[in-house]
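Peer 1: Generate coordinates for the sequence data below:
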Amino acid sequence: MHPRRVVVTGMGTITPLGLDVPTTWAHAVAGRSGAGPITLFDASRLNVRIAAEVKGFDPLNYMDAREARRRDRFEQFAVAATQEAVRQAGLRITEEIADEVGVIIGSAIGGAQTFADGVETARYKSPRLLHPFVIPMVITDGASAQIAIALGARGPNFATVSACAAGADAIGIAYELICSGDCRVCIAGGAEASITFVGIAAFDRIGAMSRRNDDPAGACRPFDRDRDGTVMGEGAAILVLEDLEFARARGAEPLAEIIGYGATSDAYHPIAPDEDGAGAARAMTKALRKAGIRPGEVDYINAHGTGTPLNDKTETLAIKMVFGERAYEIPVSATKSMTGHMIGATGALEAIFCIMAIREGILPPTINLQNPDPECDLDYVPNQARRKEVRIAITNAFGFGGHNSVLVLKRWEGV
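Peer 2: This is a model prediction of the structure:
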């Protein structure tokens, strides 16, 4: 373990289940789905007409109209979630510490809708009609830049772009920056707004999406025999990470401790995971080794669990590879069954779910698990939340391109 310890002092979310952490968590524990018919655009020409949209979000509740017009939807989500996280942390960035406050925000796609709108405007109307802020609204580091500007954070600032692992990688890199002494505080997480016409069409084209248009709430079915793909989600999840000594000095209350991070690459295929699960297993093993934790000490796993046929089987193999026979004793839940796949934001949200499980002693369920797949034979906390004491939790995030990212989180024990 690193000599410096890293604690989480604040969390914020904008998700298909709610516009803050308490609401999102309550709906996850209740096993509610955030999926429904697409309302953001006319999806009638698509094979997939369902998604897990953020509902009731008004950017003017978080920023003025001028700022809202200069921010893509994914940036708006990130700024809004950050406000909640910073408020919970009680963090005030003064001139004295500004240079040591970093912002690392993951996103796989960035300003997808702004880009699509810009293409339409430039090609079919006039380039002179383009919004002057198209570039900062489109580029993937737009969310991290907007947060740093809003808060006056002058430390390391960049985006992680590792597909569906981006949010978890952002937290892992922020953790490492604090451990190395490059930051005392780091605001980290992920944001995504990829429910767009071309986004849904493209993900469907590669066979990743469920086409259960008549049953949106039951469409994402991780580890179920009848799973046929994931459901696209959107939103943001942001954490405030701090050096423990700095947090103590300012009287902040730690919510949990981050103790390990492991990242590997399958180096196998642009969209498919290595079917033997070796890359994912190496990431879990690496994270546990760096955390100084034995596999037998893990109490809960939040799975990547997308509901795609190959991913769920591969992740099950990887967990067995790391934990052996004890894999059958560790509860594993796939919360994407409720939130949909929030792509670059999802790893950060699932880290927050792990922290809530540790703090509340309750595991969110994997909903829609009606017909277990014989090849997916672990304890997936089917359909109902479960009471369980959790001291150590891990969360898996695996992305297109073979990115594997694993975080290890521990109950804050006051020592």
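Peer 1: C-alpha only now, for contacts and for neighbours.
Peer 2: OK.
Peer 1: burial count for Gly36?
Peer 2: 20 (other C-alpha atoms under 10 Å).
Peer 1: for it, phi and psi?
Peer 2: For Gly36, the backbone dihedrals are phi -170, psi -180 (criterion: degrees, to the nearest 10).
Peer 1: which residues in the stretch 151-300 of the chain form strands?
Peer 2: Ranges of strands within the stretch 151-300 of the chain are 157-160, 185-192, 235-243, 256-265, 300-302, based on DSSP state E, counting those that start in this stretch.
Peer 1: Quick one: closest of those strands to Phe77.
Peer 2: Of all the strands of the stretch 151-300 of the chain, strand 235-243 sits nearest to Phe77, with 5.5 Å by C-alpha to C-alpha.
Peer 1: Which secondary structure elements does the closest one sit against?
Peer 2: strand 6-14, helix 73-89, helix 166-179, strand 185-192, helix 346-360 (3 or more C-alpha pairs under 8 Å, 6 or more residues apart in numbering; DSSP states H and E).
Peer 1: I'd like the ones you listed written out as a markdown table, with distance to Gly36 added.
Peer 2: Formatted as a markdown table, the helices and strands packed on strand 235-243 follow (distance: least, C-alpha to C-alpha, whole Å):
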| stretch | distance to Gly36 |
| --- | --- |
| strand 6-14 | 17 |
| helix 73-89 | 19 |
| helix 166-179 | 24 |
| strand 185-192 | 18 |
| helix 346-360 | 18 |
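Peer 1: which one of these has the most crowded surroundings?
Peer 2: Among the helices and strands packed on strand 235-243, strand 185-192 has the highest mean neighbour count (mean count of other C-alpha atoms under 10 Å), at a mean of 34.
Peer 1: average pLDDT across that one?
Peer 2: Averaging pLDDT along strand 185-192 gives 98.
Peer 1: Now do that strand: which elements does it pack against?
Peer 2: Against strand 185-192 (3+ C-alpha pairs under 8 Å, 6+ apart) you get helix 73-89, strand 101-106, helix 166-179, strand 235-243, helix 346-360.
Peer 1: State the next helix or strand along the chain beyond the second one.
Peer 2: Pointing back at strand 101-106 there. helix 112-124 (DSSP states H and E).
Peer 1: roughly how far is that next one from the heart of the chain?
Peer 2: 27 Å (C-alpha atoms, centre = their mean, to the nearest Å).
Peer 1: can you list the residues that contact it?
Peer 2: Residues from elsewhere that reach helix 112-124 (C-alpha atoms under 8 Å, 6 or more residues apart in numbering): 72-73, 127-131, 134, 137-138, 193-194, 196, 199.
Peer 1: Out of the helices and strands packed on strand 235-243, flag the one nearest Arg248.
Peer 2: Of these, nearest to Arg248 by C-alpha to C-alpha is strand 6-14, at 10.1 Å.
Peer 1: Show me what counts as buried in the worst-scoring helix or strand of the chain on mean pLDDT.
Peer 2: Least confident helix or strand of the chain, by mean pLDDT, DSSP states H and E, is helix 112-124 with a mean of 88. Residues of helix 112-124 classed as buried by neighbour count (16 or more other C-alpha atoms under 10 Å): 112-115, 118, 121.
Peer 1: and the next element down the chain from it?
Peer 2: The helix or strand immediately downstream of helix 112-124 is helix 134-138, counting by DSSP H and E.
Peer 1: What is that following helix packed up against?
Peer 2: Applying 3+ C-alpha pairs under 8 Å, 6+ apart, we find helix 134-138 packed against helix 112-124.
Peer 1: For Gly111, which residues are in contact?
Peer 2: Applying C-alpha under 8 Å, 6+ apart, one finds that Gly111 lies in contact with 72-75, 137-140, 193-194.
Peer 1: My error: substitute Ala280 in the last question.
Peer 2: With C-alpha under 8 Å, 6+ apart, Ala280 has these contacts: 264, 266, 315, 318, 398, 404-405.
Peer 1: any idea which of those is closest to Arg154?
Peer 2: Of all the contacts of Ala280, Ser405 has the smallest distance to Arg154: 26.5 Å, by C-alpha to C-alpha.
Peer 1: The closest one and Gly10, how far apart?
Peer 2: Distance check for Ser405 against Gly10: by C-alpha to C-alpha, to the nearest Å, it reads 22 Å.
Peer 1: Please apply the same query to Thr121.
Peer 2: Applying C-alpha to C-alpha to Thr121 and Gly10 gives a distance of 40 Å.
Peer 1: Skipping adjacent residues, who's closest to Glu219 in space?
Peer 2: Actually, residue 219 is Ala. It isn't Glu. Arg212 (5.4 Å; C-alpha to C-alpha, 6 or more residues apart in numbering).
Peer 1: residue contacts, that neighbour?
Peer 2: 48, 50, 218-219.
Peer 1: Now do it against Ser337, distance only.
Peer 2: For Arg212 relative to Ser337 (C-alpha to C-alpha), the value is 13 Å.
Peer 1: quick one: contacts for the spatially most central residue of the chain?
Peer 2: The residue lying closest to the centre of the chain (C-alpha atoms, centre = their mean) is Thr346, at 2.2 Å. Each residue near Thr346 by C-alpha under 8 Å, 6+ apart is listed here: 164-165, 167-168, 190, 236-237, 397.
Peer 1: which among the buried residues of helix 112-124 gets closest to Cys376?
Peer 2: Nearest to Cys376 among the buried residues of helix 112-124, counting by C-alpha to C-alpha, is Ala112 at 34.2 Å.
Peer 1: And the pLDDT at Arg289?
Peer 2: 98.
Peer 1: Leaving out chain neighbours, which residue sits closest to it?
Peer 2: Of all residues not flanking Arg289 in the chain, Gly260 sits nearest, at 7.9 Å (C-alpha to C-alpha, 6+ apart).
Peer 1: and Gly414, how many neighbours?
Peer 2: 7.
Peer 1: where does it land in three-state SS?
Peer 2: coil (DSSP: H, G, I helix; E, B strand; the rest coil).
Peer 1: quick one: pLDDT of it?
Peer 2: 83.
Peer 1: again with Glu257
Peer 2: 98.
Peer 1: All further residue positions should be reported with the first residue as 35.
Peer 2: Okay, using 35 as the starting number, the last item reads as Glu291.
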